[in-house]
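[1] need a 3D model of the sequence below.
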Amino acid sequence: MEQLYISLKDYLIFKNFFEVIKGLDNTILLLAISLPIGFILSLIFALGRVSKITFLAKIIAGYIFVIRGTPLLVQIYLIYFGLGSIKAIRDSFMWYLLKEPFWCGVIALTVNTVAYGSEIFRGGIQSIEKGQIESGKALGFGKFMMMRKIIFPIAIRKVLPSYGNELILMVKATSLVSLTTYMEMTGIARRIMAKTFAPVEAFIAAGMLYLFLNFLMVQFIRYLEWKYNAHLRVSN
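    This is a model prediction of the structure:
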């Protein structure tokens, strides 16, 4: 009897795996849009954070404080349920995006990752030695060329491990978007749980897929570290 129970659980996990994997494309789509936008905005906000324009730096600092100080779930609810309750927004062009749970999820994930990513990149920018900046000026680099050739490449290389952690957290954060009725992997797992009353089997299947996605993300970050930090490679 016990063997039959174990076999049934294994069957349910196996069956649920192929059900949950149907939401993999939705999870990847969330990441494919929010991560690149978040990366670019994080760099821009990091520059604003270290700029000499005090007013701009304080506004960005306030934004970072608010977003990092509140749970992502609260932010998702405020964007999905809160903004939709404002008549001016429902009557504006923004409603075409905000009425869709997918775009609300993208906006929430992007807003959240920009707050963390900009602080990571700020640390990378501020860690650049003055001698490297002076070398660029001696070569006649302007501000744009200085950013492109010296500041961004060095800062990004230095913060790759830290930003890699943020990317992994973003993969796991996509599961919260399911609470807006968007059917990514966790949403499908919750639907299976409601039908079968077998939460363990449903969420083991989902957990395996999230683990696989994060495995790929870790390998991607390791590849970037290997490629752009050649001086740290261990020679065999």
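
[2] for the rest of this, base every contact and every neighbour count on C-alpha atoms.
    Will do.

[3] Gly140 sits in which helix or strand?
    Using DSSP states H and E, Gly140 sits within no helix or strand.

[4] how close does Gly187 get to Arg157?
    36 Å (CA to CA, to the nearest Å).

[5] these two - which one has more neighbours?
    Gly187 (21 against 16; other CA atoms under 10 Å).

[6] hang on, isn't the more buried one packed against Met193?
    No. With contact defined as CA atoms under 8 Å, Gly187 does not reach Met193; the gap is 9.9 Å.

[7] dump the residue contacts of the residue nearest in space to the middle of the chain.
    The centroid of the chain falls nearest to Met170 when counting by CA atoms, centre = their mean (3.2 Å). Shown in contact with Met170 (CA atoms under 8 Å, 6 or more residues apart in numbering): Leu31, Leu109, Thr113.

[8] per-residue confidence at the closest residue to the second one other than its chain neighbours?
    Here the nearest residue to Leu109 in space, its sequence neighbours aside, is Ser34; by CA to CA, 6 or more residues apart in numbering that works out to 6.3 Å. The confidence metric pLDDT takes the value 96 at Ser34.

[9] swap in Met94?
    On the pLDDT scale, Met94 gets 85.

[10] quick check on it: phi, psi?
    phi -60, psi -20 (degrees, to the nearest 10).

[11] count of neighbours near it?
    Neighbour number of Met94 under other CA under 10 Å is 13.

[12] now it: how far from Ser85?
    Distance of Met94 to Ser85, given as CA to CA: 13 Å.

[13] what do you get for Phe93?
    Taking CA to CA, one finds Phe93 at 15 Å from Ser85.

[14] do the same with Ser178
    For Ser178 relative to Ser85 (CA to CA), the value is 20 Å.

[15] also Ile64?
    Separation of Ile64 from Ser85 (CA to CA): 25 Å.

[16] of the two, which one has the most company?
    Ile64 (22 against 12).

[17] and the more buried one, what helix or strand is that in?
    Going by DSSP H and E, Ile64 is in helix 54-68.

[18] following that helix, which helix or strand shows up next?
    helix 72-77.

[19] against which helices or strands is that following helix packed?
    Counting contacts by 3 or more CA pairs under 8 Å, 6 or more residues apart in numbering; DSSP states H and E, helix 72-77 packs against helix 101-126.

[20] packing partners for the helix it packs on?
    By 3+ CA pairs under 8 Å, 6+ apart, helix 101-126 packs against helix 24-50, helix 54-68, helix 72-77, helix 95-98, helix 152-173.

[21] repeat that for 7 Å
    Where contact means 3 or more CA pairs under 7 Å, 6 or more residues apart in numbering; DSSP states H and E, helix 101-126 is packed against helix 24-50, helix 54-68, helix 72-77, helix 152-173.

[22] which of these sits closest to Phe220?
    Phe220 lies closest to helix 152-173 among the helices and strands packed on helix 101-126, at 8.9 Å (CA to CA).
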